[in-house]
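Asks: Generate a structure from the sequence data that follows.
(4 chains)
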There are 2 protein chains.
Amino acid sequence: MNGPGATGERILDAACEVFLEKGKAGARMQEIAARAGINKALLHYYFRSKEELYRQALTRELTTFFRELVESVRPAGDMETFLRSFIDNYIDRLSRNPQVVRFLTWEIGSGGPVARNVIAGIVQGNEGGPIYPVYRETFSRGIAAGAIRPVDPQHLLFSLVGMCIFVFLAAPILTAVFPEIDPSEKEFIEKRKKEIFDLVWNGIKAEKGGNDVRD
Amino acid sequence: MNGPGATGERILDAACEVFLEKGKAGARMQEIAARAGINKALLHYYFRSKEELYRQALTRELTTFFRELVESVRPAGDMETFLRSFIDNYIDRLSRNPQVVRFLTWEIGSGGPVARNVIAGIVQGNEGGPIYPVYRETFSRGIAAGAIRPVDPQHLLFSLVGMCIFVFLAAPILTAVFPEIDPSEKEFIEKRKKEIFDLVWNGIKAEKGGNDVRD
DNA sequence: CTATAATTTAACCGTATGGTTAAACCAAAT
DNA sequence: ATTTGGTTTAACCATACGGTTAAATTATAG
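Replies: Prediction:
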């Protein structure tokens, strides 16, 4: 057929749905087949086993998400712009792909054998070369130029990612403690971006009186 | 018997182990019984069903962890001390209880029905009264006194928790991308505390020239 | 000692699950 | 018209699983 509803893709779509709702162990092949609009026999005709289907479904989701994310990180002229675009970009992508976060949450619970391979592969060797060095050098140059304080770029990255992803990942808990918030709401998302940027930018920018060299 | 190895507790210990390794759906009652050193009949003699066992095991873990955590949050004289003790305390507890983080990760994947109840209950009504208002008022007073910039205390809390928990929660992924780090290592943990504190304190403290009123 | 509760043994039950098989059906390409 | 490969149907299989039962055994407390 190879039409718009190509069966293999429809199966992966259905598999993602079920895996992110129930996890690998909780998912049922029968349910995946049903949601894909086919039967169990055909499902196994396309994917040998549940394990294989899980691997391919998660790989597809993570690859798409992280490839786009990594491609969006471009060195910018000044630190402030770079930081703001990093945060905006990351939060926008997270809020538009909550299913990736949840899928990944299950995977992390299991120790993340699949995700480890996929993500390590993307981060280390995408088309534009390794991504982390680009990020790190951007900050190192900012530090050398006296634009920002001498923070550890790696820890700053952990902090940024942690701040950005937390509200989406922990949404089920947060909404129980703070019933008034809704991490999927646009207003909340924009506020979140602003608060993170303000905190981090004030946290890393050089004190007045420091060198404000431009290269 | 009621000795040190009281059976009910031994079962809960074993259940925690298995649930955090395999998740609810992936856990096997037989394995839990074996790890508790008993048989399936006795297991069901103590806990009617897997669901019930899961509920009680997760509730016990979360209650202990969050009660201790919440009790450790005490208002301090100055903002700097309060912030530092908050971060140190949280990170220490997380690094000493990685099993809680992982257990919670599985639970969040499933939407967190059990954790929602437990955590909301602890946060809203522990012995010292609701905890969040204490936290919020501490920062509100700091803002009113001009000691810190006017940040949103709620978002600051999300940022703090996100920064602290991220490296432990995402450890399986992080170690794949950065093989040189080990989030359970003491050296790393101390560095993490320092980096978070420096970032946040610089990020929220009032600029020079602002009011530095003490109450 | 005796009654009560904890624990074991071992079999058992119903059902769900992942996966397989074989035959038939159907649409498109040759 | 025939072949090919996607697709369905429906039955099937072995196993694993959650949970139960009943009887026997051991320990504990009164």
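Asks: got the buried residues for the lengthiest helix in chain A?
Replies: If you go by DSSP state H, chain A has its longest helix at helix A:50-72. In terms of neighbour count (16 or more other C-beta atoms under 10 Å in any protein chain shown), helix A:50-72 has its buried residues at A:50, A:53-62, A:65-66, A:69-70. (C-beta placed from N, C-alpha, C; glycine too.)
Asks: next one: stretch A:22-42
Replies: Within stretch A:22-42, the residues that count as buried by 16+ other C-beta under 10 Å are A:22-24, A:26-27, A:29, A:31-33, A:35-36, A:38.
Asks: Check those residues one by one and keep those near DNA strand D.
Replies: Contacts with DNA strand D within the buried residues of stretch A:22-42, counted by C-beta under 7 Å from any atom of the strand: residue A:38.
Asks: The buried residues of stretch A:22-42: which ones sit near chain B?
Replies: Among the buried residues of stretch A:22-42, the ones lying near chain B by C-beta under 8 Å from any C-beta of the partner chain are A:22-24, A:26.
Asks: Now pLDDT and distance to residue A:189 too, for the residues you listed, in a markdown table please.
Replies: Formatted as a markdown table, these follow (pLDDT from 0 to 100; distance: C-beta to C-beta, whole Å):
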| residue | pLDDT | distance to residue A:189 |
| --- | --- | --- |
| A:22 | 98 | 27 |
| A:23 | 98 | 27 |
| A:24 | 98 | 30 |
| A:26 | 98 | 30 |
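Asks: Widest-spaced pair of these?
Replies: Distance extremes for those: the farthest pair is A:22 and A:24 at 8.2 Å, using C-beta to C-beta.
Asks: hmm, back to that, how about the buried residues of stretch A:22-42 in CSV, adding secondary structure?
Replies: What follows is the buried residues of stretch A:22-42, written out as CSV (DSSP: H, G, I helix; E, B strand; the rest coil):
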residue, secondary structure
A:22, helix
A:23, helix
A:24, helix
A:26, helix
A:27, coil
A:29, helix
A:31, helix
A:32, helix
A:33, helix
A:35, helix
A:36, coil
A:38, coil
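Asks: if we can go back for a sec, now do the longest helix of chain A: which elements does it pack against?
Replies: Applying 3 or more C-beta pairs under 8 Å, 6 or more residues apart in numbering or on different chains; DSSP states H and E, one finds that helix A:50-72 makes contact with helix A:7-26, helix A:29-35, helix A:79-96, helix A:98-109, helix A:113-124.
Asks: which of the residues in the longest one are buried?
Replies: Under the neighbour-count criterion of 16+ other C-beta under 10 Å, helix A:7-26 has A:7, A:10-12, A:14-24, A:26 buried.
Asks: Just list what it packs against, helices and strands only.
Replies: Checking 3+ C-beta pairs under 8 Å, 6+ apart, helix A:7-26 ends up next to helix A:29-35, helix A:40-46, helix A:50-72, helix A:98-109, helix B:7-26.
Asks: Now the residue of chain A found nearest DNA strand C, what are its backbone angles?
Replies: Residue of chain A nearest DNA strand C, by C-beta to the nearest atom of the strand: residue A:49 (3.1 Å). Backbone torsions of residue A:49, given as degrees, to the nearest 10, read phi -140, psi 170.
Asks: Can you tell me how far it is from residue A:56?
Replies: To residue A:56, residue A:49 is 11 Å away according to C-beta to C-beta, to the nearest Å.
Asks: Near DNA strand D, which residues of chain A? Just list them.
Replies: Contact residues, chain A versus DNA strand D (C-beta under 7 Å from any atom of the strand): A:1, A:7, A:37-42, A:45.
Asks: which one of those is nearest residue B:138?
Replies: Among those, and counting by C-beta to C-beta, the member closest to residue B:138 is residue A:37, at 55.4 Å.
Asks: list the contacts for that closest one?
Replies: By C-beta atoms under 8 Å, 6 or more residues apart in numbering or on different chains, residue A:37 lies in contact with residue A:10.
Asks: quick revisit: lowest-confidence entry in the buried residues of helix A:50-72?
Replies: Lowest pLDDT of the buried residues of helix A:50-72: residue A:70, 83.
Asks: Please name the residues that touch residue A:160.
Replies: Shown in contact with residue A:160 (C-beta under 8 Å, 6+ apart): A:86-87, A:90, A:196, A:200.
Asks: Near DNA strand C, list only the ones from those.
Replies: Of the contacts of residue A:160, not one also sits near DNA strand C (C-beta under 7 Å from any atom of the strand).
Asks: from the residues of chain A next to DNA strand D, which two are the most distant?
Replies: A:1 and A:40 (19.4 Å).
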